[in-house]
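Student: Sequence first, predicted coordinates after that:
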Amino acid sequence: MKRNIKQQSFFNELKKWVISAIFIILALLVLSSCADRAKPFNLVLLPDTQVYSRLYPEIFRSQTEWIVQNADSIAFVLQQGDITDRNSEEEWQNAVAAFSVMDGKVPYTFVPGNHDLGPGGSASNRDAELFNKYLPYDRYSKMAHFGGAFEPGKMENTYHTFRAGGLDWLILSLEFGTRDKILRWAGEVIEAHPKHKVIINTHDYMYSDDTRMSIDRDHSWIPQRYGVGEDTGDESVNDGEMMWEKLVSRYPNVLLVFSGHVLHSGTGQLVSTGIHGNDVYQMLANYQSGVEGSENGGNGFLRIVTIDPENKTISVKTYSPYINEYKTEPDQQFVFENVQLH
């Protein structure tokens, strides 16, 4: 009888311990979930690094070193093309030296700009031999968050997934002068990720007058005016307005479009409503030589995009880790409010 009482006492204590452990685990899961939902996170944009690759590799490296130092708050780094200026071996070596600082520390993606294609960076054709030699598919396809490519073995058009702020995200990184067949592929990738918020990362899309690049508005630097723009059929290029009509506006989960390429002020922003009623936040940022007020190929300025799902905001700041300064003009520092993230 005493043994049964002892056994019963043991099982009662065990039951209490198990129940307590379950409550603790559930509490931790709830707290973890809440933290995931509430925590803002940053994206970092590295537009048009071409002059750094040619003349100021130390500036390019200062950007990626700062990113690694702040990796805990950065979910993803997106480079908007024109990685190099003249598509030369030396420039690609400098670019890879800067990029590789981030390897295994923070995920990143990139696209070819017009200066990364063709002989001398002319974009007279779609020769991306050096782009794929120095940024090889065999290496990057093995990295965390890599989702796939339009053409296995080539990195010109890729997609990536990650989770931040309690949400699933999809990045589509698309080539300069994005072709019809690439836009169709991108649409298929979006359709396969209906619950992901979509970010489109490309070289040429927004213009400095706060509209999308368009041949109909006689904009400069449109892809139709380069050698690659002479192709027809499935190889036909698309400017920003065409990309909006054929891809960006068509899916309810598209949220952001980032681009570079354009000079003048090097900035532009536009909020447009897609056919499903979703707002799409579209931004141009460029700091390279030729942009008004640019020094040293851009002086290391990059964009910090902070997404805060709880407060429904997307905040943008422009900062240079090279000179430790912010740009605070209204086109360089601003906030989008009432952003529908859920």
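Tutor: Now that the structure is in, tell me what you want to look at.

Student: Might one say that Arg163 is in contact with Ala144?
Tutor: No - with contacts counted by C-beta atoms under 8 Å, Arg163 stays clear of Ala144, the gap being 11.5 Å. In this view, the C-beta of every residue, glycine as well, is placed from N, C-alpha and C.

Student: who has more neighbours, these two?
Tutor: Neighbours per residue (other C-beta atoms under 10 Å) separate Arg163 from Ala144, with Arg163 holding more: 13 against 9.

Student: What's opposite the more buried one in the beta bridge?
Tutor: Asp168 (DSSP bridges).

Student: Excluding residues flanking it in the chain, which one is nearest Thr64?
Tutor: Val101 (4.2 Å; C-beta to C-beta, 6 or more residues apart in numbering).

Student: Which parts of this protein are strands?
Tutor: 41-46, 74-79, 108-109, 146-149, 158-164, 167-174, 197-202, 254-259, 267-273, 279-285, 302-308, 313-320, 325-327, 334-336 (DSSP state E).

Student: of those, which approaches Tyr137 most closely?
Tutor: strand 146-149 (6.5 Å; C-beta to C-beta).

Student: Tell me which residues of the closest one come out buried.
Tutor: 146-147, 149 (16 or more other C-beta atoms under 10 Å).

Student: So which of those is the closest to Lys312?
Tutor: For these, the nearest to Lys312 is Gly147 (26.9 Å; C-beta to C-beta).

Student: residues touching that closest one, list them.
Tutor: 158-161, 170, 189 (C-beta atoms under 8 Å, 6 or more residues apart in numbering).

Student: would TSV of those with pLDDT, distance to Glu89 and neighbour count be doable?
Tutor: What follows is those, written out as TSV (pLDDT from 0 to 100; distance: C-beta to C-beta, whole Å; neighbours: other C-beta atoms under 10 Å):
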residue	pLDDT	distance to Glu89	neighbour count
Thr158	98	23	25
Tyr159	98	28	25
His160	98	27	23
Thr161	98	33	17
Leu170	98	33	23
Val189	98	32	19
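
Student: quick one: which of those residues is nearest Val280?
Tutor: Nearest to Val280 among those, with distances taken as C-beta to C-beta, is Leu170, at 14.1 Å.

Student: got the contact list for the nearest residue to that closest one once chain neighbours are set aside?
Tutor: The shortest distance from Leu170 to any non-neighbouring residue, by C-beta to C-beta, 6+ apart, is to His196 (3.9 Å). Neighbouring residues of His196 by C-beta under 8 Å, 6+ apart: 161, 168-170, 253.

Student: Could I get the residues you listed in CSV, plus columns for distance to Ser294?
Tutor: CSV is the format used below for those (distance: C-beta to C-beta, whole Å):
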residue, distance to Ser294
Thr161, 34
Asp168, 37
Trp169, 31
Leu170, 32
Asn253, 35
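
Student: Now do the contacts for the nearest residue to Tyr134 once chain neighbours are set aside.
Tutor: Nearest non-adjacent residue to Tyr134, counting by C-beta to C-beta, 6+ apart: Trp92, 4.1 Å away. Taking C-beta under 8 Å, 6+ apart as the criterion, Trp92 is in contact with 53, 83-84, 130-131, 133-134.

Student: All set, thanks.
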